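Novice: sequence and predicted structure below; questions after.
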Amino acid sequence: GIRVGGVERSGPRWTLRGVGGDAAIHDAKLDSRAVEAVRAAESLGAFDAVVVTDASAAMDGWHRASAGLPAEFVETAAKRVADRVRVCLFTALVAFETKTNLDVDACTFDGTGGLWFAAKTSSKPGLETLEHETWTLVSTPRWAADEVARVPMRDATTGLFIPQDPSYLREPAAALLEAFETAAANSLGSAALPKAAYLTAQRWGSAFPAPAAAAGRDDAGAGKHARDVAGTAYDAAPLEDFAGNFGARATYGADDFCDGGASGLYYAGDFCSPRPPGVEAAALSARHAALAIARRFGA
């Protein structure tokens with residue numbers, strides 16, 4: 001229930017500042033004064049070391065998830081996170097009034113209509129007794145990049161972060177459901193899907209990092225399909241550029257986290273890693289960062 005908005009040096013330690021309540025909610029509507037209040041909020045305590053894992057924490061202050069990290073840390077040790085091209089995704093959650101006649105639990109698609117993947121929530125262990133048959137739909141990166149270009153995350157006039165709200169999410173949710181209905185008819189042999197009892201969507205602006213040095217991209221994930229929207233680079237590559245293992249699995253040693261040295265600041269996650277994006281890269285990054293912290297503090 002607390003959102004960190006400031007990381008400041010306090011002698012040999014780090015003071016974190018942040019707020020609770022509505023201001024802690026990522027998608028709450030806040031004016032510029034409320035955003036500044038997050039940066040100057042009460043102290044959450046002082047710490048010997050700080051580990052950052054959210055890629056968006058390295059963003060500038062306009063972004064709601066910005067942690068207010070010291071500029072010198074972002075510009076040096078965490079530069080690979082700040083500069084990494086982002087793969088944006090939209091997901092839609094739809095609950096149908098009645099059961100569908102689909103005989104699959106999950107499926108991938110060719111990207112027609114912006115749809116990449118769909119999975120039935122009630123197929124997950126422990127969720128078999130949901131009242132409604134519910135599906136999660138995932139967009140393609142290119143479709144998501146187009147959507148972010150249509151409605152950027154930052155207001156062009158005020159410069160403020162544009163939060164997600166039901167009125168904004170209605171269009172991408174409906175578009176992904178329409179693509180699913182078309183795919184169900186053309187590829188899955190379904191005559192028609194039931195009416196939706198509930199429909200919403202979610203924008204994942206930094207769903208995962210663009211693959212590094214794969215399919216013509218550089219070490220920051222930038223390639224010919226990178227697109228700048230309001231100062232943030234998004235990967236709008238076609239699906240074939242995301243196929244396979246995102247590039248060769250070389251041995252990178254422990255250079256997959258950001259070490260602030262004696263400062264005691266660390267960054268971990270797949271946005272730090274040259275490995276193929278995903279859980280494995282994130283877990284290894286976290287392990288190597290933890291080992292570095294343990295060595296520094298003599299554990």
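Specialist: Structure's in. What do you need? None of these values were measured; they are calculated from a predicted model.
Novice: so residue 145 lies in a strand, does it not?
Specialist: No: applying DSSP: H, G, I helix; E, B strand; the rest coil, one finds residue 145 to be helix, outside a strand.
Novice: and for residue 89, the neighbour number?
Specialist: Neighbours of residue 89 under the rule other C-beta atoms under 10 Å: 22. (Each C-beta comes from the backbone N, C-alpha and C, glycine too.)
Novice: that one - that's part of a strand, no?
Specialist: Yes: checked against three-state DSSP, residue 89 lies within a strand.
Novice: got any ranges where the stretch 101-250 of the chain has weak pLDDT?
Specialist: Filtered on pLDDT under 70, the stretch 101-250 of the chain yields the residue ranges 244-250.
Novice: can you show me the helices along it?
Specialist: Taking DSSP state H, counting those that start in this stretch as the criterion, the stretch 101-250 of the chain carries its helices at 141-150, 166-186.
Novice: just the C-alphas of the shortest one, formatted as PDB.
Specialist: Once side chains and other backbone atoms are set aside, the C-alpha atoms of helix 141-150 remain, and they are given as PDB (Å, rounded to 0.1, in the frame of the first residue of the first chain):
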ATOM      1  CA  PRO A 141       3.700  -6.000 -29.500                       C
ATOM      2  CA  ARG A 142       3.100  -4.100 -32.800                       C
ATOM      3  CA  TRP A 143      -0.600  -3.700 -32.100                       C
ATOM      4  CA  ALA A 144       0.200  -2.400 -28.600                       C
ATOM      5  CA  ALA A 145       2.800   0.000 -30.000                       C
ATOM      6  CA  ASP A 146       0.200   1.400 -32.400                       C
ATOM      7  CA  GLU A 147      -2.200   1.800 -29.500                       C
ATOM      8  CA  VAL A 148       0.300   3.600 -27.300                       C
ATOM      9  CA  ALA A 149       1.100   5.900 -30.300                       C
ATOM     10  CA  ARG A 150      -2.600   6.600 -30.600                       C
END
